[in-house]
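Q: Return atomic coordinates for the entry below.
(one chain, ligands or ions: 1)
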Amino acid sequence: MIVCICNNVSDRKIRQAVDAGMTSMVELRDHLDIGTCCGKCHPSAKRVLRDCLAEN
Ligand code: FES
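A: Sure thing, here's the model as predicted:
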């Protein structure tokens, strides 16, 4: 599922980033550019991040 349409970032990419050690939206933004355009993906990206962290 694509989470950030502007930058073509999927939930899978977020999961891979969390597996690589990222734990915050700031890190996801810096590494994946998520939320850097329209910003509409921020709430769903945050939810995916939280779910991924909870699973780890
Ligand atoms: Fe992520 Fe627009 S959908 S910045």
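Q: What would the lengthiest helix in the chain look like as PDB? C-alpha coordinates only.
A: Secondary structure of the chain per DSSP state H: the longest helix is helix 42-55. Only the C-alpha atoms of helix 42-55 are listed here, as PDB (Å, rounded to 0.1, in the frame of the first residue of the first chain):
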ATOM      1  CA  HIS A  42       1.600  12.300   7.900                       C
ATOM      2  CA  PRO A  43      -1.200  10.800  10.000                       C
ATOM      3  CA  SER A  44      -1.200   7.500   8.200                       C
ATOM      4  CA  ALA A  45       2.600   7.300   8.100                       C
ATOM      5  CA  LYS A  46       2.700   7.900  11.800                       C
ATOM      6  CA  ARG A  47       0.200   5.000  12.300                       C
ATOM      7  CA  VAL A  48       2.200   2.700  10.100                       C
ATOM      8  CA  LEU A  49       5.400   3.700  12.000                       C
ATOM      9  CA  ARG A  50       3.700   3.100  15.400                       C
ATOM     10  CA  ASP A  51       2.400  -0.400  14.300                       C
ATOM     11  CA  CYS A  52       5.800  -1.300  13.000                       C
ATOM     12  CA  LEU A  53       7.500  -0.300  16.200                       C
ATOM     13  CA  ALA A  54       4.900  -2.200  18.300                       C
ATOM     14  CA  GLU A  55       5.700  -5.300  16.300                       C
END
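Q: where does this protein dip in pLDDT?
A: Scanning the chain for pLDDT under 70 picks out no residues.
Q: Return the residues of it in contact with the ligand.
A: Counting by C-beta under 6 Å from any ligand atom, the positions of the chain adjacent to the ligand are 4, 5, 6, 7, 34, 35, 36, 37, 38, 39, 40, 41. For the C-beta atoms, the positions are set from N, CA and C on the backbone; glycine is no exception.
Q: circling back: now do the longest helix of the chain: which elements does it pack against?
A: strand 2-4, helix 11-19, helix 25-32 (3 or more C-beta pairs under 8 Å, 6 or more residues apart in numbering; DSSP states H and E).
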